[in-house]
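[1] build me a model:
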Amino acid sequence: MEWVQEMLLDPRPGRLFHTHLPYTNLPESVARSRCKLVYVARNPEDTVVSMWHFYNKFHRAEFPLERAVESFCSGVVPWGPFYEHLVGYWEESKRRPEEVLFLKYEDLVRDPKKQVRELASFLGKPFCPGGDGDEVVDKVLWRSSLERLKELDINKNGIEKQKQRPNTIFFRKGAVGDWKNYMMAEMAQRIDRLTQTKLHGTGLSLDDYILG
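    Take a look at the predicted model:
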C-alpha cells in the first residue's frame, strides 16, 4: 500500500482514490485520518448478478449463477464476505458521520439530485439552492452518467492491463432489480433470509432494496 502513503503525503488538495477493501483492511493512515470516506452499498441480489456477469467476462468463463449464489452466501467472494464488508462501513458511518458517508445505490438511482447534493454537502462543497446550483447539479449528473461514461473513448476502445480485456466489461446496465431477469425465486429467498440474519441488530435495513 505504498502508493496510498505517497498519495496522503501529496500536498495538493482534492486527491481521490477508490477501493473495494473492507474497512478493517484499510491502512491505519486512511481509516483514522480526517479524509472523507464515501461507501456505496447495493442490493445483495443485484450485487451477485453483477459480480457473476463481470467474473464471466473478465475470466472468459461460464461460471453458473447457482454456484455464484452459493459462493456469495458462503462469504467466498472477492474482497471478503459481503455482509461484513457492508456492516463495517455502516458502523463506522454511525461512529464518524462527519468522515464516513454511507449511501445506497438504489437511492442514487431513485433520486440522484438529492443524493448528489447530500454528497456535496458531506464533502464541504454544497451547491447553492435553485438557479445556478440546479444547473451545476444537472451537469454533474450528466458527466457521471453511465450513458456518457460508456461513450468515452477510453471506455469504448481501451484495454485493461491485467488480463488485456476491453474496458467495456466494466460497464453493463447499472439497473435496479435486474437480478429478477436471472435469479430463480428460491435463490433470492435464500439471500433475503441471509440478509435479515446478518443485519439483525445493526439498524441497517435493506428492505427498500427488495423490489420483487
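
[2] pull out the buried residues from stretch 36-56.
    37, 39, 41-53, 56 (16 or more other CB atoms under 10 Å). The way it works is simple: take the backbone N, C-alpha and C, and place the C-beta from them, glycine included.

[3] centre of the chain versus it, how much separation?
    Its chain's C-alpha centre and that of stretch 36-56 lie 6 Å apart, by CA atoms, centre = their mean, to the nearest Å.

[4] repeat for stretch 109-117
    Here stretch 109-117 is found 15 Å from its chain centre; the criterion is CA atoms, centre = their mean.

[5] ok, the residue sitting nearest the centre point of the chain - contacts?
    The chain has residue 40 as the residue nearest its centroid, 4.0 Å off, counting by CA atoms, centre = their mean. Going by CB atoms under 8 Å, 6 or more residues apart in numbering, residue 40 touches 103, 104, 105, 108.

[6] part of a strand, is it?
    Yes: assessed by DSSP: H, G, I helix; E, B strand; the rest coil, residue 40 belongs to a strand.

[7] could you shift the numbering so residue one becomes 66, and keep it that way?
    Taking 66 as the first residue, the last one we looked at is residue 105.

[8] which SSE is the spatially closest residue to residue 263 that is not a sequence neighbour in?
    Excluding the flanking residues, the one nearest residue 263 by CB to CB, 6 or more residues apart in numbering is residue 148, at 3.7 Å. Residue 148 belongs to helix 147-160 when elements are defined using DSSP states H and E.

[9] what's that helix in contact with?
    With CB under 8 Å, 6+ apart, helix 147-160 has contacts from 87-89, 102, 104, 106, 109, 112, 137, 140, 144, 165-167, 259-260, 263-264, 267-269.

[10] what's the following helix or strand after that helix?
    On the C-terminal side of helix 147-160, the closest following helix or strand by DSSP H and E is strand 165-169.

[11] from the contact counts, what lies against that next one?
    strand 102-106, helix 147-160, helix 177-187 (3 or more CB pairs under 8 Å, 6 or more residues apart in numbering; DSSP states H and E).

[12] and stretch 250-258, what's its mean pLDDT?
    The average pLDDT for stretch 250-258 rounds to 95.

[13] could you give me the buried positions within that stretch?
    252, 253, 255, 256, 257.

[14] likewise for stretch 163-173?
    By neighbour count on 16+ other CB under 10 Å, the buried set for stretch 163-173 is 164, 165, 166, 167, 168, 169, 170, 171, 172, 173.

[15] hmm, who's touching it?
    Applying CB under 8 Å, 6+ apart, the contact partners of stretch 163-173 are 99-108, 111, 154-155, 157-158, 179-180, 183-184, 187, 241, 273-274.

[16] kindly recompute the last result at 6 Å.
    With contact meaning CB atoms under 6 Å, 6 or more residues apart in numbering, stretch 163-173 is reached by 102-107, 155, 157-158, 180, 187, 241, 274.

[17] where in this protein is pLDDT low?
    Applying pLDDT under 70 to the chain picks out residues 66-79, 272-277.

[18] how about a cut-off of 50?
    Within the chain, the set of residues satisfying pLDDT under 50 comprises 66-69, 275-277.

[19] from the contacts of residue 105, pick the one nearest residue 232.
    Nearest to residue 232, judged by CB to CB, of the contacts of residue 105 is residue 170 at 20.9 Å.
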